[in-house]
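S.K.: coords please:
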Amino acid sequence: MTDSAPSIRLELPPLGTYGPRRARALMIQGTASDVGKSLLVAGLCRAYTRRGLVVRPFKAQNMSNNAAVTADSDAPSGPDGEAPRGEIGRAQALQARACGVPPSIHMNPVLLKPQTNIGSQVVLRGRALGNCPARVYHEMRQGLMPAVLDSFERLCAEADLVLVEGAGSGAEVYLRQSDITNMHFAERADIPVIVVGDLDKGGTMAALVGTWLLLDPADRQSVVGYLVNKFRGDFSLFEPACATITEITSWPFQGMVRWFEGASRLPAEDSLALERPAETTGGTLNVVIPRLSRIANFDDMDPLAAEPAVNLRWIEPGHPIPAETDVVILPGSKTTRADLDVLRREGWDIDILAHVRRGGRVVGLCAGYQMLGRVVRDPLGVEGEPGATLGLGLLDIETEIGADKRLIEIDGHEQQSGCQISGYEMHMGRTTGPGLERPWLLLADGAGRVRPEGAITADGRVMGGYLHGIFGADEFRTHWLEQVGAQAARIDFEARIEAALNELADHIESCLDLDALLELAR
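M.R.: I've put the predicted structure just below:
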């Protein structure tokens, strides 16, 4: 991917016409990335929804390879007449769930999916426009503002309260003119702002005062207060800092949110969470996942991490796959060929082949499934430079990356056990080969037809498919664990997420004055 010119053509979707805004709105910005904005908004969404308000989340632009499928899209219908689906960041899908509504493209109209260190795939209201270098996107993104504002107004027309999440830091003033998701958006949409600082990281006073110092006077006036997040310990020790922050900035202190221990039971927004992975120990089954460079939809592993019998471990670059591993899971990736190169650079390909020779098991999910085949071709250069890369050769399949993206939520059952499964597909590859004659899954296509999906070896030890979320199916997960020699805890995984959202809302209710925050919304 070069940065000489964009490989996409900006075509704005049809924009609507709306009457007076129904909803109040409040924006949660941060002093930096990973200060807990997404979790705060999710908790506030659930708390206000429980109070009887119609609440919607909104984030104008998100950068994440952890995405969720939506039922709506601005994309045209597929060649088979299938209704188009969209995608948004996982965080906004979780926030939608906290509101008790399906996710919508309008909750996250611009999604950037990183493919290299300097470029991303640009998804506008569910439609993948193509790949774009960062410098070129910086120049074109202000052109996305009409679509972003239109999506925001659509949500305001159906809700009582829209909770808006900023991106990164709102004080990146050098980006102010092209900004579509922080202070420039707040100005255009006329939304009051709460700034959040992260006490767990330290330097909170400097971060909040520094944010005030960098903002221009008009943007400072948009801020109606600040919150301190992720606090542990005796808050009275930090109270003098709050007095200093308010004295310098004139921003009122709106409260402190203590550290929430249940955060690990909720899907993480992006791979920043893997910088401090919540690995599990004490079980009998050793499951490892190589940490790929462009890992995507890694919350596929959350249901396994919840099982006490599973020792789940992410293998970082520079470390081999341990010999005592029982199962290797190859996860999704935004760049299959590049991450095949990572496997070889780290020697993980040798480790995986040796693991299989010892009788170990391997599961490939989406891109991980493609890697298990003989070759991955990308003749159009969708993921990078055009070309082909040899796979691991553990399944007799081959994949060609194409321009069309398949996005669908789907149900079915696992071929061997007959267990019901559900999940979603999100990929741009087409897989063929003799290995498909022994499918892993049977999926329903929505018209009553059943189609085979994925592949599994004759001995049942290597398998893969495009379905994300398969381990979230409780019956299948129980069967699979028992098949590989582990005792399942028979967890209701969906109920576990719901309980965590309710606990998060209870936690935020106990920390903040929600009536006062609602009064600040405009």
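S.K.: so who does Asp341 touch?
M.R.: By Cβ atoms under 8 Å, 6 or more residues apart in numbering, the contact list for Asp341 reads Thr389. Any C-beta I mention is one placed from the backbone N, CA and C, and that applies to glycine too.
S.K.: for the stretch 351-500 of the chain, which segments are assigned as helices?
M.R.: Along the stretch 351-500 of the chain, the segments classed as helices by DSSP state H, counting those that start in this stretch run 367-371, 474-483, 493-511.
S.K.: distance between the next helix or strand after the longest one and the chain's centre?
M.R.: It refers to helix 493-511. Sequence-wise, the next helix or strand downstream of helix 493-511 (DSSP states H and E) is helix 514-520. Here helix 514-520 is found 29 Å from its chain centre; the criterion is Cα atoms, centre = their mean, to the nearest Å.
S.K.: picking that back up, so which of the helices of the stretch 351-500 of the chain gets nearest Leu214?
M.R.: Closest approach to Leu214 among these (Cβ to Cβ): helix 493-511, 27.5 Å.
S.K.: list the buried residues of the closest one.
M.R.: 493, 496-497, 500-505, 507-509, 511 (16 or more other Cβ atoms under 10 Å).
S.K.: out of the helices of the stretch 351-500 of the chain, which gets nearest to Leu26?
M.R.: helix 493-511 (13.6 Å).
S.K.: could you tell me how many residues sit around Trp212?
M.R.: 18 (other Cβ atoms under 10 Å).
S.K.: how about it: what's its closest non-neighbour residue?
M.R.: Nearest residue to Trp212, sequence neighbours excluded (Cβ to Cβ, 6 or more residues apart in numbering): Thr249, at 4.1 Å.
S.K.: give me phi/psi at the one you found?
M.R.: phi -90, psi -20 (degrees, to the nearest 10).
S.K.: try the one 4 residues further on
M.R.: For Phe253, the backbone dihedrals are phi -80, psi 120 (criterion: degrees, to the nearest 10).
S.K.: list the beta-bridge partners for it.
M.R.: Note on Phe253: beta-bridge partners Tyr226, judged by DSSP bridges.
S.K.: mind listing what the closest residue to Arg21 other than its chain neighbours touches?
M.R.: Spatial nearest neighbour of Arg21, chain neighbours left out: Cys156 (4.7 Å); criterion: Cβ to Cβ, 6+ apart. Taking Cβ under 8 Å, 6+ apart, we find Cys156 in contact with Tyr18, Arg21, Arg22, Ala23, Ala25, Val162.
S.K.: that's a strand at Cys156, yeah?
M.R.: No - under DSSP: H, G, I helix; E, B strand; the rest coil, Cys156 falls outside any strand and is assigned helix.
S.K.: the helices in the stretch 1-150 of the chain, which residues?
M.R.: 37-50, 90-99, 134-140, 145-158.
S.K.: and the most centrally placed residue in the chain, how far is that from Met27?
M.R.: Geometric centre of the chain, nearest residue: Asn66, 2.7 Å, by Cα atoms, centre = their mean. Relative to Met27, Asn66 is positioned 22 Å away (Cβ to Cβ, to the nearest Å).
S.K.: try Trp212
M.R.: In terms of Cβ to Cβ, Trp212 sits 16 Å off from Met27.
S.K.: re the thing from before, of the contacts of Cys156, which is the most crowded?
M.R.: Going by other Cβ under 10 Å, Val162 tops the contacts of Cys156 with 27 neighbours.
S.K.: pretty sure that one belongs to a strand, no?
M.R.: Yes - assessed with three-state DSSP, Val162 lies in a strand.
S.K.: where does it land on pLDDT?
M.R.: The model reports Val162 with a pLDDT of 98.
S.K.: how about the strands in the stretch 101-250 of the chain?
M.R.: For the stretch 101-250 of the chain, applying DSSP state E, counting those that start in this stretch gives strands covering 110-116, 119-124, 127-133, 161-169, 193-198, 223-231.
S.K.: for Asp351, give me its contacts.
M.R.: Residues near Asp351 by Cβ under 8 Å, 6+ apart: Pro320, Ile321.
S.K.: and it, how far is that from Pro290?
M.R.: 9 Å.
S.K.: so what's in contact with these two at the same time?
M.R.: Ile321.
S.K.: Val193 contacts Gln221, correct?
M.R.: No - using Cβ atoms under 8 Å, Val193 makes no contact with Gln221, being 9.8 Å away.
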